[in-house]
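*Asks:* kindly return the folded structure for what I paste below:
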Amino acid sequence: MKYCERLNVIERRYEALTAQMADAEVISNPDTYRKTSKAQVDLSETVDKYRQWKKVNADLEGARAMLAETDEEMRAMAQEDVTRLEPELERIENELKILLLPKDPNDEKNVIVEIRGSAGGDEATLFAGEVFRMYARWAETQGWKVEIMSSSESSVGGMKEVIATFSGTRVYSRMKYEGGVHRVQRVPATETQGRIHTSTISVAVMPEAEEVDIKLEAKDIRVDTFCSSGPGGQSVNTTYSAVRMTHIPTGTVVSCQDEKSQIKNRAKAERVLRARLYEIEQAKQAAEIGAERKAMVGTGDRSEKIRTYNFKDNRVTDHRCGITMHQLDLVMQGQLSPLIDAVVEFFQRKKLEESEGPDKK
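*Replies:* I've put the predicted structure just below:
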């Protein structure tokens, strides 16, 4: 395998970090120990996989050597081992290639998810609420925390818009491909003729930015306060607790009214604003590969879609990787991992193909 030299370097680095973690001087310095531990953990998956590759490769070489034996029974056993080990070694090599791809610096971050009803009126808002609950249930199975930053309920009980943070381990690495237009095909509860309607919602997934990522200057921020309101515009709070925060240089506006405290709403609005500005900055840096936030969300038109949820056939299809699952009922209950895994694997393969170029073998 052509990556052995690089993997040997990684393994030696991992062993050096492991030794450092047992050093009394490192242990006595919490900051140094934390950084050393994180660096070691970051390499552990690659090192474990490389050691697995070395064992399987040694077993395969031994089995191939045994094919030269004169004993027919020994040769048959060796051939069985070769037949079993060759595809296993190839699988591990492919996994190692993916692990060696450049890491997305945002993979470890928490995310802010924005979900909005797009085309389809009330039915779109109902589906927006269902998709948010789907993600929230899945997040619970991952051990993540979900916090609603802002929400706007529709008159039929759906969600015109919901903005929430998902916090935990490697959240962005798992959710970053969920951004885009999600299409639903089903018979709405209000449909008397039994006709299937098509509606869409838009989902944006943004890595949560830290203060070191985006510095907000007081002179660039305008804060307005107002009374929060519920569906249909009725007032639900007679105090000016709701907050509208505007970033003047970019015109980015964030509103938060879920909390009764103006201070809490302001803190939430600032987190969302920081994430949006971070996303804008990233889009500028990666414009040549189409990473703009608008490209993620699109216009919300029915023809733009990354995924279709067909309730009549109990089917969900991701149009990027082509996977179709006839378990939509389970997916909507939060059993998203098989679908998420397939999408993540698809994009990893694409990155691998791009890194190897047209001459890959």
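
*Asks:* can you pull out the helices in the stretch 101-250 of the chain?
*Replies:* Along the stretch 101-250 of the chain, counting by DSSP state H, counting those that start in this stretch, helices occupy 122-141, 171-175.

*Asks:* which one of these lies closest to V187?
*Replies:* helix 122-141 (9.8 Å; Cβ to Cβ). Every C-beta, even on glycine, is put in place using the N, C-alpha and C of the backbone.

*Asks:* packing partners for that closest one?
*Replies:* strand 111-117, strand 145-153, strand 159-167, strand 180-186, strand 197-207, helix 328-332, helix 337-356 (3 or more Cβ pairs under 8 Å, 6 or more residues apart in numbering; DSSP states H and E).

*Asks:* please identify the buried residues of the fifth one?
*Replies:* In this case it means strand 197-207. 198-207 (16 or more other Cβ atoms under 10 Å).

*Asks:* could you find the closest non-adjacent residue to S199?
*Replies:* In space, S199 comes closest to G120 once its chain neighbours are excluded; the distance is 2.5 Å by Cβ to Cβ, 6 or more residues apart in numbering.

*Asks:* phi, psi of that neighbour?
*Replies:* Here is the backbone geometry of G120 (degrees, to the nearest 10): phi 130, psi 0.

*Asks:* show me the contacts for it.
*Replies:* Listed by Cβ atoms under 8 Å, 6 or more residues apart in numbering, the contact partners of G120 are 127, 184, 197-200, 302.

*Asks:* a markdown table for the residues you listed, including distance to A218?
*Replies:* A markdown table is the format used below for those (distance: Cβ to Cβ, whole Å):
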| residue | distance to A218 |
| --- | --- |
| F127 | 39 |
| V184 | 43 |
| H197 | 47 |
| T198 | 46 |
| S199 | 41 |
| T200 | 38 |
| R302 | 43 |
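
*Asks:* looking at the residues you listed, which is nearest S261?
*Replies:* Of these, the one sitting nearest to S261 (Cβ to Cβ) turns out to be F127, at 31.2 Å.

*Asks:* bridged to the residue lying closest to the closest one once chain neighbours are set aside, which residues?
*Replies:* Distance criterion Cβ to Cβ, 6+ apart; nearest residue to F127, sequence neighbours excluded, is V184 at 4.6 Å. Counting by DSSP bridges, V184 forms beta bridges with S199, Y309.

*Asks:* for V184, what are its contacts?
*Replies:* Contacts of V184 by Cβ under 8 Å, 6+ apart are 120, 123-124, 127, 198-201, 308-309, 311.

*Asks:* closest to A39 out of the residues you listed?
*Replies:* Closest approach to A39 among those (Cβ to Cβ): I201, at 40.0 Å.

*Asks:* isn't the closest one right up against G179?
*Replies:* No: using Cβ atoms under 8 Å, I201 is not in contact with G179; the gap is 11.7 Å.

*Asks:* before we move on, back to that, as TSV, the helices and strands packed on helix 122-141 with distance to R133 and mean pLDDT would be great.
*Replies:* Formatted as TSV, those follow (distance: least, Cβ to Cβ, whole Å; pLDDT from 0 to 100):
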stretch	distance to R133	mean pLDDT
strand 111-117	10	93
strand 145-153	10	89
strand 159-167	9	92
strand 180-186	14	94
strand 197-207	13	92
helix 328-332	8	96
helix 337-356	16	87
